[in-house]
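1. let me see the structure of the following:
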Amino acid sequence: MKQTIIRNGLLIDGNGGEPKQHHIVVIEGNTIRYVGEEASFQATGEEVIIDAQGGAILPGFIDTHVHMMMEFSPIAERLATPFSYMYYKAAQYLKATLDAGVTSVRDALGTDLGVKKAVDDGLIPGPRLQLSINALTITGGHGDGYTVSGNTLDILPSNYPGMPHGLCDGVEEVRKKTREMLRAGAEVIKVHATGGVLSATDHPEFTQFSLEELKVIVEEGQFRKGVKVMAHAQGAEGIKNAVRAGVHSIEHGIFIDDEAIELMLENGTFLVPTLLAPVAVLETAAQTGMPDTAVQKSKEVIQHHVESFRKAYNAGVKIAMGTDAGVMKHGTNLRELGLMVDAGMTPMDAIITSTKSAAECLGWEQQVGTLETGKLADIIVVKGNPLENIHSLSNNDLIQLVMKDGKVEKSLL
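-> Next up is the predicted model:
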């Protein structure tokens, strides 16, 4: 099998070490066969050469919180859109994500098993997917589309074949609903442990699900060979309940307090901050028809969000990059790295959150996340040195090459 060599770039391998010049990556099939000094590799002359043209060579980025079946839109538009149209739009979202240099994602609700199969089988291009199917939520909580008018308007269609509705109350309903998500193909369980910004009838600080209910969700996941649980958790009490129950990752974490940080450190819980989400709500409110309640709540929480992230980072909490893409446009994912650096993270640590740490959060660290021999060939080349200007990664025109599973999905070289 013919090998491919990526050369003439600054190698940033995702492990956090010093970037290296004069290093190459050699790919055979879908696997990395060599990473190291070019002078130490015995080339045959038969290899395909990809010239990075002095750019940076990195692992494919990973976004651990996306919604591939949606981009937030006005209610009138959603009501006028046929059901199947969302699948064709999703194909565009998947391609935009891949073109941005994101080669793996964890879908935080709304994407069913058929979409994953279409990507895996090569019917449509897209990042590698880890599915939650749908999120568990309480009556009147975040994810319950009930509005004060008495009508129910969910952000996404649900309760169709392959997409169970997530509404459940009480231990036994919660247990059954978790099993329904697993039956539908969930590879991670998503639960709303607090209210949220976009929900009409609650607030981010409201606590949802009891500790006992959360423990049942975690328990059911463990019965399935260790399926992890990700918890939308914004208020401090909801965050602490989720961590005590054994949840694997806290999504958003807007009102983290010192006790929550200590619990997360003790339990090795990941934080997926999604700093981009409230920023995007405020930026796109008029265009997308964001409800006034969401705009007001975003204004209330945005500074708390940054401060909580900074506090967790400085304390050493494990952080994985996630954006909540779908609340904002897909393909803008890497803006998150700049926001994390603006909040006090180093550029190298920001890259690690979206490579090595994100892979660990997904449980995929043996396959992706770093440029190492034996791992899958998920590799990108970007123009310039992102350690000198992390914000440059948000410009998709500077993403020069995207390789996923050894296949070139985008090339501007």
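2. counting neighbours, what do you get for the closest residue in space to Gly196 that isn't next to it in sequence?
-> If you skip the residues right next to it in sequence, Gly196 has His142 as its closest partner in space, 3.8 Å away by CB to CB, 6 or more residues apart in numbering. Bear in mind the C-beta positions are built from the backbone N, C-alpha and C, glycine included. His142: 25 surrounding residues under other CB atoms under 10 Å.
3. His142 should be in a strand, yeah?
-> No: per DSSP: H, G, I helix; E, B strand; the rest coil, His142 lies outside any strand segment and is coil.
4. three-state assignment of the spatially most central residue of the chain?
-> The centroid of the chain falls nearest to Thr64 when counting by CA atoms, centre = their mean (2.1 Å). At Thr64 the chain is in strand, as set by three-state DSSP.
5. chain center to the longest helix along the chain: distance?
-> If you go by DSSP state H, the chain has its longest helix at helix 292-315. Centroid separation for helix 292-315 versus its chain: 18 Å, with CA atoms, centre = their mean, to the nearest Å.
6. ok, now stretch 251-267?
-> 19 Å.
7. swap in stretch 14-34?
-> With CA atoms, centre = their mean, you get 24 Å for stretch 14-34.
8. same check on stretch 269-287?
-> On CA atoms, centre = their mean, the centre of stretch 269-287 falls 12 Å from the chain's centre.
9. between the helix or strand Thr284 falls within and helix 292-315, what angle do the directions make?
-> Per DSSP states H and E: Thr284 is located in helix 276-288. Here helix 276-288 points in a direction 160 degrees away from that of helix 292-315 (axes from the mean of the first three to the mean of the last three CA atoms, to 10 degrees).
10. what ranges does the stretch 51-200 of the chain have for its helices?
-> For the stretch 51-200 of the chain, the helices defined by DSSP state H, counting those that start in this stretch cover 75-79, 85-99, 113-120, 171-183.
11. and the ones you listed: which comes nearest Ser298?
-> Smallest distance to Ser298 across the helices of the stretch 51-200 of the chain (CB to CB): 18.0 Å, for helix 75-79.
12. quick check: mean pLDDT across the closest one?
-> For helix 75-79, mean pLDDT is 87.
13. now for that helix, which elements pack on it?
-> Counting contacts by 3 or more CB pairs under 8 Å, 6 or more residues apart in numbering; DSSP states H and E, helix 75-79 is packed against no other helix or strand.
14. if we can go back for a sec, can you list the buried residues in the longest helix of the chain?
-> 293-295, 297-298, 300-302, 304-306, 308-309, 311-313 (16 or more other CB atoms under 10 Å).
15. quick one: contacts of that helix?
-> 197-198, 200, 203-204, 234, 252-256, 258, 261, 264-265, 271, 273, 275, 278-279, 281-282, 285, 319, 340, 343-345, 349 (CB atoms under 8 Å, 6 or more residues apart in numbering).
16. neighbouring strands - and their directions - for the helix or strand following it?
-> Using DSSP H and E, the helix or strand that follows helix 292-315 in sequence is strand 318-319. The pairing partners recorded for strand 318-319 under DSSP bridges are strand 270-272 (parallel).
17. avg pLDDT for the partner strand?
-> Mean predicted lDDT for strand 270-272 stands at 98.
18. what's the answer for stretch 90-97, then?
-> 98.
19. how far does it sit from its chain's centre?
-> Counting by CA atoms, centre = their mean, stretch 90-97 comes out at 14 Å from the chain centroid.
20. returning to that earlier point: what's the mean pLDDT across the helix holding Thr284?
-> 88.
21. could you list the buried residues of it?
-> By neighbour count with 16+ other CB under 10 Å, helix 276-288 contains the buried residues 276-281, 284-285, 288.
22. next: stretch 386-395.
-> Neighbour-count burial for stretch 386-395 [16+ other CB under 10 Å]: 386, 390, 392-394.
23. likewise stretch 133-150?
-> 133-138, 140-146.
24. equivalent analysis for stretch 105-114, please.
-> Buried residues in stretch 105-114 (16+ other CB under 10 Å): 105-113.
25. equivalent analysis for stretch 46-53, please.
-> Quick answer for stretch 46-53 (16+ other CB under 10 Å): 47, 50, 52.
26. narrow those residues to those in strands?
-> Members of those lying in strands (criterion: DSSP state E): Ile50.
27. could you dump the buried residues of stretch 46-53 to TSV with distance to Val174 and pLDDT?
-> Output for these, formatted as TSV (distance: CB to CB, whole Å; pLDDT from 0 to 100):
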residue	distance to Val174	pLDDT
Glu47	54	96
Ile50	50	98
Ala52	50	98
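28. between the buried residues of stretch 46-53, which is closest to Gly17?
-> If you rank those by distance to Gly17 using CB to CB, Ala52 comes first, at 18.4 Å.
29. separation between that closest one and Ile379?
-> 10 Å (CB to CB, to the nearest Å).
30. what is in contact with the two at once?
-> 6, 401.
31. I'd like to know how many residues surround Gly16.
-> Around Gly16 there are 15 residues (other CB under 10 Å).
32. ok, it touching Met348?
-> Yes: Gly16 sits in contact with Met348 when judged by CB atoms under 8 Å, with a separation of 5.8 Å.
33. before we move on, back to that, tell me who's in contact with the residue nearest to the centre of the chain.
-> Residues 105-106, 249, 270, 272, 320-322, 358, 361-362 are the ones in contact with Thr64 under the rule CB under 8 Å, 6+ apart.
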